[in-house]
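Trainee: Everything below, folded, please.
(2 chains)
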Amino acid sequence: DVKVTQSSRYLVKRTGEKVFLECVQDMDHENMFWYRQDPGLGLRLIYFSYDVKMKEKGDIPEGYSVSREKKERFSLILESASTNQTSMYLCASSLAGVLETQYFGPGTRLLVL
Amino acid sequence: TQLLEQSPQFLSIQEGENLTVYCNSSSVFSSLQWYRQEPGEGPVLLVTVVTGGEVKKLKRLTFQFGDARKDSSLHITAAQPGDTGLYLCAGHFPAGTALIFGKGTTLSVSS
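Mentor: Alright, predicted model coming up:
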């Protein structure tokens, strides 16, 4: 079974802190994705990566950066957390190819105070 | 911006009832996926449809892709409490590489 794990299920941070969200997949997938999920807004793509050290902006990249130094790991960084970044963050991975299934992690619920 | 409209946003029904969830776009999809998400978990893929007019069945769930590939529906027959969750449609558009998600339909089935 594909497994996508996220470093924390719940996280509480203060405004201005630097926040790291880690995602690891164990199926040698080429593609990895970071989404945020908010009530009434659905899933919105922040960044994705199709290879090591490669990244592409999604729909809402402002205030975020990413890092993919190893194939299995994709990190989302909030350089200076703000209250409007309070959200559920979901990581996903997939094989290369447009029709491939995305496998999601359980999510990290981030609260920024 | 390509949008996916899902309806209804919320659905609360009794066990044994039938229901249909709709997913529509003004643009043509190259493929469309349906996911189900339970509270506290990430979405899990239910089905992928690719061909216009395609119908796929997964036990009591029937998925249909419109002939013009601009719409899709999910029909659940004799809903059970275990069907409770958030149902998301997500589409690939020919010009794009990323999945576009609808806002989801929250289904609650009570016994």
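Trainee: what about residue A:99, neighbour count?
Mentor: 12 (other C-beta atoms under 10 Å in any protein chain shown). In this view, the C-beta of every residue, glycine as well, is placed from N, C-alpha and C.
Trainee: which residues touch the closest residue to it other than its chain neighbours?
Mentor: Closest residue to residue A:99 apart from its sequence neighbours, by C-beta to C-beta, 6 or more residues apart in numbering or on different chains: residue B:31 at 5.3 Å. Applying C-beta atoms under 8 Å, 6 or more residues apart in numbering or on different chains to residue B:31 gives the contacts A:98-99, B:48-50, B:91-92.
Trainee: ok, 6 Å please
Mentor: Applying C-beta atoms under 6 Å, 6 or more residues apart in numbering or on different chains to residue B:31 gives the contacts A:99, B:50, B:92.
Trainee: Pairing partners for the residue of chain A found nearest chain B in the sheet, please.
Mentor: Nearest to chain B, among the residues of chain A, is residue A:104, at 2.9 Å (C-beta to the nearest C-beta). For residue A:104, the beta-bridge partners under DSSP bridges are residue A:92.
Trainee: do the same with residue B:11
Mentor: residue B:107.
Trainee: Now the residue nearest to the spatial centre of chain A: which helix or strand?
Mentor: The centre of chain A sits closest to residue A:34, judged by C-alpha atoms, centre = their mean, with a distance of 2.8 Å. Here residue A:34 sits within strand A:31-38, counting by DSSP states H and E.
Trainee: Strand partners (parallel or antiparallel) of that strand?
Mentor: Here strand A:31-38 has these sheet partners by DSSP bridges: strand A:42-49 (antiparallel), strand A:87-94 (antiparallel).
Trainee: quick one: contacts for residue A:81?
Mentor: For residue A:81, the contact set (C-beta under 6 Å, 6+ apart) comprises A:13, A:17, A:19, A:112.
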